[in-house]
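predicted model and sequence follow; I will ask about them next.
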Amino acid sequence: MASLNVGDKAPDFTLPSAEGKEISLKELRGKRVVLYFYPKDDTSGCTKEACSFRDNIARVRKKGAEVIGISADSVKSHQKFTEKYNLPFRLLSDEQKEVVKAYNVWKEKSMYGRKYMGIERTTFIIDEKGNVAHIFPKVKVDGHTDEVLQKL
């Protein structure tokens with residue numbers, strides 16, 4: 001799978017949201033989209049990242065952008081995660097892993113010497129025309145929302 005670069009057309013997708021609605025990237029044209037890929041609902045780093053976006057959502061929206069989170073968790077898992085932390089943005093379920101592969105964030109990872117496939121925490125800013133405006137690879141959660149806000 002080829003890497004995406006700034007200026008590339010963002011791969012379109014349609015995925016189910018925690019609310020049970022199908023959401024497609026095409027519907028969001030005309031807005032900037034902070035598209036963040038994360039490994040797993042309700043784990044420490046992912047919760048911290050989601051809550052940081054939640055706590056700064058007014059600042060993101062003031063800049064004309066929408067936040068969307070994607071992981072390979074189920075819609076039901078996303079519903080619980082959204083309710084537990086009162087997340088004011090949509091989480092999309094990519095159980096088939098088609099979108100994580102299209103965005104080249106499905107990678108071999110290693111923990112405690114064990115190799116496995118998983119989502120590499122990555123954020124894309126998609127511009128109003130549907131092009132990749134900025135990429136944050138291998139995101140470190142602390143300070144990430146501020147980095148995103150600076151680039152919006």
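All right, it came through fine. Residues are numbered from 1 along each chain as shown.

got the contact list for whatever helix or strand Glu83 lives in?
Assigning secondary structure by DSSP states H and E places Glu83 in helix 75-85. Defining contact as Cβ atoms under 8 Å, 6 or more residues apart in numbering, one finds that helix 75-85 is touched by 16-18, 20, 41-42, 47, 50-51, 54, 71, 73, 87, 91-93. (C-beta placed from N, C-alpha, C; glycine too.)

could you rerun that using 10 Å?
15-20, 40-43, 46-47, 50-51, 54, 69-71, 73-74, 87-93, 95 (Cβ atoms under 10 Å, 6 or more residues apart in numbering).

now the buried members of those residues.
Among those, those classed as buried by 16 or more other Cβ atoms under 10 Å are 15-18, 40-41, 46-47, 50, 54, 69-71, 73, 87, 89-93.

so which of those belong to strands?
Assigned to strands by DSSP state E, the following of these qualify: Leu15, Pro16, Gly69, Ile70, Ser71, Arg90, Leu91, Leu92, Ser93.

list the contacts of Ser71.
By Cβ under 10 Å, 6+ apart, Ser71 lies in contact with 36-41, 43, 46, 77-78, 81, 91-95, 100, 118-119, 121.

repeat that for Val141.
Val141 neighbours (Cβ under 10 Å, 6+ apart): Tyr38, Ser44, Gly45, Cys46, Thr47, Lys48, Glu49, Ala50, Cys51, Ser52, Arg121.

try it again with 6 Å
By Cβ atoms under 6 Å, 6 or more residues apart in numbering, the residues touching Val141 are Gly45, Lys48, Glu49.

in three-state terms, label the most centrally placed residue in the chain for me.
Residue closest to the average C-alpha location in the chain (Cα atoms, centre = their mean): Tyr36, at 1.9 Å. Secondary structure for Tyr36, judged by DSSP: H, G, I helix; E, B strand; the rest coil, is strand.

identify the bridge partners of the residue nearest to it when sequence neighbours are not counted.
Among residues not flanking Tyr36 along the chain, Thr123 sits closest, at 4.3 Å (Cβ to Cβ, 6 or more residues apart in numbering). Judged by DSSP bridges, the bridge partners of Thr123 are Tyr36, Phe136.
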